[in-house]
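Asks: Here is a sequence with its predicted model. Questions after.
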Amino acid sequence: MERVPILKIGDILLVSIQLDMSDQTAVALQEDLAERIVATGCHGVIIDITALDIVDSFVGRMLSTIASISKVLDAETVVVGMRPAVAITLVELGLSLNGIRTALNVERGMELIAAARADELDYQLDDDPDAETATP
Amino acid sequence: MTAGIDLGHPQAQAIRSDEDVVRVRQLVRGVAVAVKLSLVDQTKVVTAASELARNTLVYGGGGTVEVATVDNGRRRGVRIVFADSGPGIPDLDLAFTDGYTTGGGLGLGLSGARRLVDEFEIETSPETGTRITVTKWSR
């Protein structure tokens, strides 16, 4: 079985799917990613599907599952590079890709992750009782 | 005689494993390109074929697929026949309901595939298994 490589770039894991995945390969990617998130402590996952010419319900479910797993492991997932024809087909198929953030390309995906991370840190600061007294 | 895909002559592929589902996608894509389906229609028919091939494998216990080109005088298209000798589908109305599944999937395969093609026929019984024929026409 072929495996999809996972690259670490700074605080982000980048997965660029370059092959027509069998269902087994898709499931293996899910497991590999969960392990890499924990092993590296990365807070962002970018899945680049530019090269995928279809996303069927199995791959769609895999993307949703990866997003859920990474959230539990304190990482944000962004799916980037979806082709227009794939987006049209997904909607007609009835797949809503719940809980998945998307961006047009890897660069915007990285910005989205950085912004989400900053928001989260702000939120944690807001919870600080000292910060609350400053704004009565 | 042109090289490459033999138009009009059905191409068969067994569906016995995950890798065969990938081969079905590639086979359907080749024919869809050959009959000049638009990019969106290629994507739709390949996605539908992927769903149905997986159903043949998971629910039908494996089977075969035949992909052929069709011509109605005005338009050309791709016709795909999925056949298995599995247990059949006891309640078709239920099986076509979005979100209904007996296999742990999303329950979108059958209903979603029907939305993605122009013609969809299904014959199913416990004796003969399930046979699904779908057609996508060029615009």
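Replies: Great, that's in hand.
Asks: Which elements pack onto the lengthiest helix in chain A?
Replies: Across chain A, the helix with the greatest residue count (assigned by DSSP state H) is helix A:106-126. Helices and strands touching helix A:106-126, as assessed by 3 or more CB pairs under 8 Å, 6 or more residues apart in numbering or on different chains; DSSP states H and E, comprise strand A:12-16, strand A:44-48, strand A:76-80, strand A:101-103. Using the backbone N, CA and C atoms, a C-beta is placed for each residue, glycine as well.
Asks: Please convert those to JSON lines, extending it with mean pLDDT, distance to B:R29 and mean neighbour count.
Replies: As requested, the helices and strands packed on helix A:106-126 are exported to JSON lines (pLDDT from 0 to 100; distance: least, CB to CB, whole Å; neighbours: other CB atoms under 10 Å in any protein chain shown):
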{"stretch": "strand A:12-16", "mean pLDDT": "97", "distance to B:R29": "21", "mean neighbour count": "21"}
{"stretch": "strand A:44-48", "mean pLDDT": "97", "distance to B:R29": "21", "mean neighbour count": "25"}
{"stretch": "strand A:76-80", "mean pLDDT": "96", "distance to B:R29": "22", "mean neighbour count": "23"}
{"stretch": "strand A:101-103", "mean pLDDT": "95", "distance to B:R29": "24", "mean neighbour count": "17"}
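Asks: now those in CSV, with distance to chain B?
Replies: Shown next, in CSV, are the helices and strands packed on helix A:106-126 (distance: least, CB to the nearest CB, whole Å):
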stretch, distance to chain B
strand A:12-16, 18
strand A:44-48, 18
strand A:76-80, 17
strand A:101-103, 17
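Asks: What's the separation between the residue nearest the centre of chain B and chain A?
Replies: Centroid-nearest residue in chain B: B:A49, 3.8 Å away (criterion: CA atoms, centre = their mean). According to CB to the nearest CB, to the nearest Å, B:A49 stands 9 Å off from chain A.
Asks: what residues does chain B put near chain A?
Replies: With CB under 8 Å from any CB of the partner chain as the criterion, chain B comes near chain A at residues B:18-19, B:21-22, B:25-26, B:29, B:39-40, B:42-44, B:46-47, B:50-51, B:54, B:98, B:105-106, B:108-109, B:111-113, B:115-116.
Asks: Among those residues, name the buried ones.
Replies: B:18, B:21-22, B:25, B:29, B:40, B:42-44, B:46-47, B:50-51, B:54, B:105-106, B:108-109, B:111-113, B:115-116 (16 or more other CB atoms under 10 Å in any protein chain shown).
Asks: residue contacts, residue 114?
Replies: Defaulting to chain A. By CB atoms under 8 Å, 6 or more residues apart in numbering or on different chains, the contact set of A:A114 is A:G44.
Asks: Oops, wrong one, chain B.
Replies: B:R114 is in contact with B:48, B:96, B:120, counting by CB under 8 Å, 6+ apart.
Asks: hmm, 6 Å instead?
Replies: Applying CB atoms under 6 Å, 6 or more residues apart in numbering or on different chains, we find B:R114 in contact with B:F120.
Asks: and if you look at A:I49?
Replies: Counting by CB under 6 Å, 6+ apart, A:I49 touches A:17, A:81-82.
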